[in-house]
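Asks: Please work out how this folds:
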Amino acid sequence: WVQQLKDTPPSRRGMPSSDMINPKLAFVGDDTWTDLFPTQFDDSHPFPSFNTRDLDTVDNGCLKHLPLFMKSFGRTSVTPGGQPEFFEVLVAHFLGVDHVGHTFGPHTKQMTEKLKQMDKALSIILDSLDDSSTHECQVAFIFGDHGMTEDGNHGGGSKEEINAALFAHFSPGCGDMRLAKDIDGSESGIRTEEAFQTVNQ
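Replies: Numbers count the residues shown, from 1 in each chain. Sure, this is the predicted structure:
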């Protein structure tokens, strides 16, 4: 999807047709992303991810760059007379929860501390969206790429490993989301659920 987005003209992505509009893609976090997409991000800050005993390098890097990224997120961040560049998409891949699970397990004081740090990260993102312009819809998707077993590992097909959360948070510019309050997930249908059950790590 990263390359597809880059290949799609801004006018087809809901942007005004203008040479003055220059939407960009930004990334911070797990360096696997830049291994997979070495040229697609306009601004990237990868951090080494291989050492599962390193609980903080990637996450601290994300927390360092996220506030700066958020200041330039969305068209309404462009000031009159300023540079017509802004971030249309921000990808932040935190890794500490995964590494804590592998190193110490999911029910430990290290995991509690790491989740507190993730709460701080979510506050930066969600507060920024809540305070954003009502003239532009911005959405944050927060999700995990896998679950973990009771001993903190993953890679198999157990329910604990293949289940992961997905949370979407909409800015005021998206309108009254209470209209969607009756959506419970069943709308996807049994075939979609069956397809998801066949996906392995």
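Asks: From now on I want contacts and neighbour counts done on CA atoms only, so please keep to that.
Replies: OK.
Asks: average pLDDT across the longest helix along the chain?
Replies: Across the chain, the helix with the greatest residue count (assigned by DSSP state H) is helix 109-130. Here helix 109-130 scores 93 as its mean pLDDT.
Asks: residues in contact with it?
Replies: Residues from elsewhere that reach helix 109-130, judged by CA atoms under 8 Å, 6 or more residues apart in numbering: 63, 66-67, 70, 96-97, 100-101, 104-105, 138-140, 169-172.
Asks: Tell me the buried residues within those.
Replies: 63, 66, 70, 96-97, 100-101, 105, 138-140, 169-172 (16 or more other CA atoms under 10 Å).
Asks: and the two most separated of these?
Replies: The two members of those with the most space between them (CA to CA) are 105 and 172, at 37.9 Å.
Asks: that older thread, so which of the contacts of helix 109-130 belong to helices?
Replies: Using DSSP H, these in helices are 63, 66, 67, 70, 96, 97, 100, 101.
Asks: Distance-wise, check the fourth one relative to residue 63.
Replies: Spelled out, it's residue 70. Between residue 70 and residue 63 the computed distance is 11 Å (CA to CA, to the nearest Å).
Asks: go on, the fifth one?
Replies: As defined by CA to CA, residue 96 lies at a distance of 12 Å from residue 63.
Asks: Hmm, residue 31 is touching residue 44, no?
Replies: No - contact criterion CA atoms under 8 Å: residue 31 and residue 44 do not qualify, at 9.5 Å.
Asks: Strands of this structure, residue ranges please.
Replies: 22-30, 43-47, 85-93, 139-143, 166-170 (DSSP state E).
Asks: any chance of these in a markdown table, plus mean pLDDT and distance to residue 55?
Replies: Below are the strands of the chain laid out as a markdown table (pLDDT from 0 to 100; distance: least, CA to CA, whole Å):
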| stretch | mean pLDDT | distance to residue 55 |
| --- | --- | --- |
| strand 22-30 | 91 | 12 |
| strand 43-47 | 96 | 12 |
| strand 85-93 | 90 | 13 |
| strand 139-143 | 94 | 19 |
| strand 166-170 | 92 | 23 |
